[in-house]
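S.K.: fold the following, please.
(2 chains)
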Amino acid sequence: MKLFTSSCMFDYPWEQVSAANWNKYPNEVSTHVKAVDVLRRELRHGGQVLMTERLITVQQSVPRWIMALVGGSNLSYVREVSTVDLRDRSLKMRSCNLTYVNIMKVYETVNYTPHPEAPQGKTLFEQEAKITAYGAFTRLCNSMEDFSFKRFCDNAQKGKRGFDSVLEVFDQEMDTLGLSQLVSRVNETVEDVRSSAENWFQEIERKCTILSDYHDFFSEAFRRE
Amino acid sequence: MGSAMSASFAPECTPLKKRYDSCFNEWYSEQFLKGRSVENPCSKEWYAYSACVDANLVKEGIKPALDDARREAPFEKGGELQEREQGKEQEKK
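M.R.: Residues are numbered from 1 along each chain as shown, chains lettered A, B, ... in the order given. Coordinates of the predicted model:
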């Protein structure tokens, strides 16, 4: 299920972008990234290819009502494998969430390559994310009246518009979810969710943000077993 | 760029990570990108940091999920999701 692609350009040579990539965090924008660890690193093909496995630790600023629903920690982990290849000046990064994998997985692929029109001075960034939802999540959605899994997926694929409509359904269906003790609190803060989502989409449009935000938001939002 | 280096998920590993990172960053720009290196760099710093990380992956309960992810998308394949899992994905479409 292809959900999301984006691309943008950096006004720096590929070499510089690839070096900066190792020092991307911490930064002022992605304050949700709390730690980055190297798990494995190998040099191959006579020093031409560098492969790295990393663990990214993410802490979401989740709305209070979601924390009330899910409880526990708001830390999540992402594994990333990257390949730097000097032979074609490419940096490819593949990542997937390690947390909430019984609900859904977000596979993200990022490519940094020299820009075709200015290969010495500019770098092209391309990003693709695929979301796969699993059994627990499907069952959870099926158990909610008028809230089908398919509808969620269809809507989600339409990006921002889809996200808004899911939130609307979420809003309307809240009363029927059997969470009566939470309904009043939820009603107070649905607007809070909507503005969080809005902010998030603005950020992604601006900065090609990491997709783990998206995953975490949904998995946090719908995890209430 | 990026002078401040990130922390480790395990606070006790952060000093070891910073030592390794600064060694690696120097090597990456000055050796690797210039095609001058044939060996994995900073082995002393790496072993100290790596041992700390491995112990904490177990302690924090991250190891099982990591092992699953490694099976699905092996390091050797550049972290690419393997056929069996892609087949599973197709079914969901």
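S.K.: worst-scoring helix or strand of chain B, pLDDT-wise?
M.R.: helix B:83-92 (a mean of 53; mean pLDDT, DSSP states H and E).
S.K.: what is the lengthiest strand in chain A packed up against?
M.R.: Of all the segments of type strand in chain A, defined by DSSP state E, the longest one is strand A:118-133. Strand A:118-133 sits against strand A:2-10, helix A:14-21, strand A:104-115, helix A:149-157, helix A:212-222, helix B:83-92, with contacts defined as 3 or more Cβ pairs under 8 Å, 6 or more residues apart in numbering or on different chains; DSSP states H and E. Using the backbone N, CA and C atoms, a C-beta is placed for each residue, glycine as well.
S.K.: out of these, name the one with the poorest average pLDDT.
M.R.: Lowest mean pLDDT within the helices and strands packed on strand A:118-133: helix A:149-157, at a mean of 41.
S.K.: could I get the buried residue list for stretch B:40-50?
M.R.: Within stretch B:40-50, the residues that qualify as buried are B:41-42, B:45-46, B:48-50, counting by 16 or more other Cβ atoms under 10 Å in any protein chain shown.
S.K.: does that stretch reach chain A?
M.R.: Yes - against chain A, stretch B:40-50 shows contacts by Cβ under 8 Å from any Cβ of the partner chain at B:40, B:46, B:49-50.
S.K.: possible to save those as CSV with secondary structure?
M.R.: Putting the residues of stretch B:40-50 next to chain A into CSV (DSSP: H, G, I helix; E, B strand; the rest coil) gives the following:
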residue, secondary structure
B:Asn40, coil
B:Trp46, helix
B:Tyr49, helix
B:Ser50, helix
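S.K.: among the residues you listed, give me the pair with the biggest separation.
M.R.: Within the residues of stretch B:40-50 next to chain A, B:Asn40 and B:Tyr49 form the most distant pair, 13.2 Å apart (Cβ to Cβ).
S.K.: low-confidence regions, chain B specifically.
M.R.: Flagging of chain B using pLDDT under 70 yields the residue ranges B:1-5, B:84-93.
S.K.: go on, chain A?
M.R.: In chain A (pLDDT under 70), the answer is A:1-4, A:26-31, A:60-73, A:102-104, A:133-225.
S.K.: how about a cut-off of 80?
M.R.: A:1-6, A:8, A:23-33, A:59-74, A:100-106, A:129-225 (pLDDT under 80).
S.K.: may I have the beta-bridge partners of A:Lys130?
M.R.: Counting by DSSP bridges, A:Lys130 is bridged to A:Lys2, A:Tyr107.
S.K.: how many residues are close by A:Leu124?
M.R.: Neighbours of A:Leu124 under the rule other Cβ atoms under 10 Å in any protein chain shown: 19.
S.K.: tell me which residues touch A:Glu80, please.
M.R.: A:53-56, A:93-95, B:79 (Cβ atoms under 8 Å, 6 or more residues apart in numbering or on different chains).
S.K.: B:Asp68 sits in which helix or strand?
M.R.: helix B:63-72 (DSSP states H and E).
S.K.: kindly report the same for A:Ser82.
M.R.: strand A:75-85.
S.K.: ok so, going back, secondary structure, distance to B:Phe32 and neighbour count added to the contacts of A:Glu80, as a markdown table?
M.R.: Converted to a markdown table, those look like this (DSSP: H, G, I helix; E, B strand; the rest coil; distance: Cβ to Cβ, whole Å; neighbours: other Cβ atoms under 10 Å in any protein chain shown):
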| residue | secondary structure | distance to B:Phe32 | neighbour count |
| --- | --- | --- | --- |
| A:Glu53 | strand | 17 | 19 |
| A:Arg54 | strand | 17 | 18 |
| A:Leu55 | strand | 22 | 20 |
| A:Ile56 | strand | 22 | 24 |
| A:Met93 | strand | 17 | 20 |
| A:Arg94 | strand | 20 | 20 |
| A:Ser95 | strand | 22 | 24 |
| B:Gly79 | coil | 19 | 26 |
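S.K.: tell me the contacts of residue 13?
M.R.: In the absence of a named chain, chain A is used. Contacts of A:Pro13 (Cβ under 8 Å, 6+ apart): A:114, A:120-123.
S.K.: look at chain B instead
M.R.: A:37, B:49, B:52-53, B:56.
S.K.: how's chain B carved up into domains?
M.R.: B:12-60, B:61-93 (automatic domain parsing).
S.K.: with distance to A:Val78 added, can I get the ones you listed in JSON lines?
M.R.: Below are the domains of chain B laid out as JSON lines (distance: least, Cβ to Cβ, whole Å):
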{"stretch": "domain B:12-60", "distance to A:Val78": "14"}
{"stretch": "domain B:61-93", "distance to A:Val78": "9"}
